[in-house]
Each structure stands twice: as C-alpha cells, then as structure tokens.
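> Sequence first, predicted coordinates after that:
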Amino acid sequence: MPDPTIWVAGVGVAGTLAGSALTGFLAARTERRKTEAAERQAERQQASADLTRSSERRVEHLRWRRDRRQAAYAAFLLSLGEISQLSSEGMILHAQGIPDRDRAEVTRNAITAALKDGNTKLATVRLEGPRPLADAALAFHEHVSFVGQWVRNRLTDDRPASTHAREHVHLTSQVKEKETEFLEEAEKALAELMDAD
C-alpha cells in the first residue's frame, strides 16, 4: 500500500490547486462583474450627458427661434408704422390743400416704397408663423396698405380734404383694431416659445 504521507501530500496538493483554481475563478468572475457594472455606469452617465446636451440644444434652438420671431415681428411693426406715419403726413398735406405738388409727390413715392418694404416684412412674419399670427399679420397689413394706397390716391385728388376726413378716421380705427389683434397673437407666439424653455 502506498505511503499515507504521500497520499495526504497528494490530496493536499490537489486541494491547494483546486482552492487556487476556485479562488482564481471567483476573483475573475468578481472582476468581470465589476467591469460590467462600471461599463453600465459609464453608459448611464453618457446617456445622461447626451440627454443634457440634447436638452440644452433644444433650449438654445427655442431661444434662437424666439429671437428670430421677435426681430421679424418688430421689423414688421416698424414698417407698418412708417406706412401709417406717411399716411398721416399725407392727410395733413392734403388738408392743407396740397400747397406743394413736389412735396406731395415725395410723400406719394415714400408711401410706395414703404408699402413695398411692408410686403417684404409681411412675408418674413408669415414664414416665421405661427399660423394664427400670420393671419393676423396679413389682416393688419391689408388694412395699413389700404390706408396707405387710399392716402396716396387722395394726394392727387383735387377735392377738399374735409370730404375724406371721416373716411380716414374710420379706416384708421380699423387699422388700430387689426394692430391690437396682431400684437395679441405675437404675444402668444412668443410666450409659447418662452414656456417651452
């Protein structure tokens, strides 16, 4: 029979090898789990960072859109304000009996140029939207343009201004109503973009 010491030593060596193998296996498995957990954590952090960047880009885009809209609306209002101002000056000139035909022609030409500029500004506002505002802008523009053309035509009319005064007051009040509607829609459109921040 073999020597029991060799037998015990063999079992000891086998046990040590098995223990080492088991310890190595468990250590490798634990390390793999730690690595996988770290990778998942890194993925979650990356996804969170991507979401934050996406949200920041969205907010920045909304600010850009709001600024564009606001600039378009302001330019539109200034343009129509110029038409209204020139129309008022034309009516004053007409009320004076148009003493200076050259001045009347300058005013007529200025109204024509302002009407063209108003058309351009209207197109920009309609593109910027939204639809209810574009519709309000169109109605406002149509009224201001009508008054501008009406005054422009009155500057060549030899009839006294008193025959046109009541009509001018009526047309001007309609313009104010349309301006109010436009401003209300502009306020809503800009608020939508601000609320989305």
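Great, that's in hand. Numbers count the residues shown, from 1 in each chain.
> Show me what the longest helix anywhere in the chain is packed against.
When the chain is parsed with DSSP state H, its longest helix is helix 4-95. Helices and strands touching helix 4-95, by 3 or more Cβ pairs under 8 Å, 6 or more residues apart in numbering; DSSP states H and E, are helix 101-128, helix 131-154, helix 162-195. From N, CA and C alone the C-beta is placed, and that goes for glycine too.
> Return the per-residue confidence for the residue nearest to the spatial centre of the chain.
The centroid of the chain falls nearest to Arg65 when counting by Cα atoms, centre = their mean (2.1 Å). Note on Arg65: pLDDT of 88.
> OK, contacts around it?
Listed by Cβ atoms under 8 Å, 6 or more residues apart in numbering, the contact set of Arg65 reads Leu193.
> pLDDT weak spots in the chain?
Applying pLDDT under 70 to the chain flags residues 1-2, 8, 97-99, 158-164, 195-197.
> can you rerun that using 50?
Applying pLDDT under 50 to the chain flags no residue at all.
> before we move on, the earlier item: of all the helices and strands packed on helix 4-95, which one comes closest to Leu22?
Of all the helices and strands packed on helix 4-95, helix 162-195 sits nearest to Leu22, with 62.2 Å by Cβ to Cβ.
> Tell me how far stretch 18-34 lies from the chain's centre.
58 Å (Cα atoms, centre = their mean, to the nearest Å).
> Quick one: distance of the longest helix of the chain to the chain centre.
Using Cα atoms, centre = their mean, the offset of helix 4-95 from its chain centre is 24 Å.
> and that helix with helix 162-195, angle?
Comparing the axes of helix 4-95 and helix 162-195 via axes from the mean of the first three to the mean of the last three Cα atoms, to 10 degrees yields an angle of 170 degrees.
> Measure how helix 4-95 sits relative to helix 131-154, angle-wise.
Going by the same axes, to 10 degrees, helix 4-95 makes 20 degrees with helix 131-154.
> picking up where we left off before, please work out which of the helices and strands packed on helix 4-95 is packed deepest.
Comparing the helices and strands packed on helix 4-95 by mean neighbour count (mean count of other Cβ atoms under 10 Å), helix 131-154 ranks first with a mean of 19.
> And that helix, what does it pack against?
If you count contacts as 3+ Cβ pairs under 8 Å, 6+ apart, helix 131-154 packs onto helix 4-95, helix 101-128, helix 162-195.
> Please state the offset of the shortest one from the chain centre?
Relative to the chain's own centre, helix 101-128 is displaced by 26 Å; criterion: Cα atoms, centre = their mean.
> Contacts for stretch 80-96, please.
100, 103-104, 107-108, 110-111, 114-115, 117-118, 121, 140-141, 144-145, 147-148, 150-152, 154-155, 157, 161, 164-165, 168, 172, 175, 179.
> Fine by me, thanks again.
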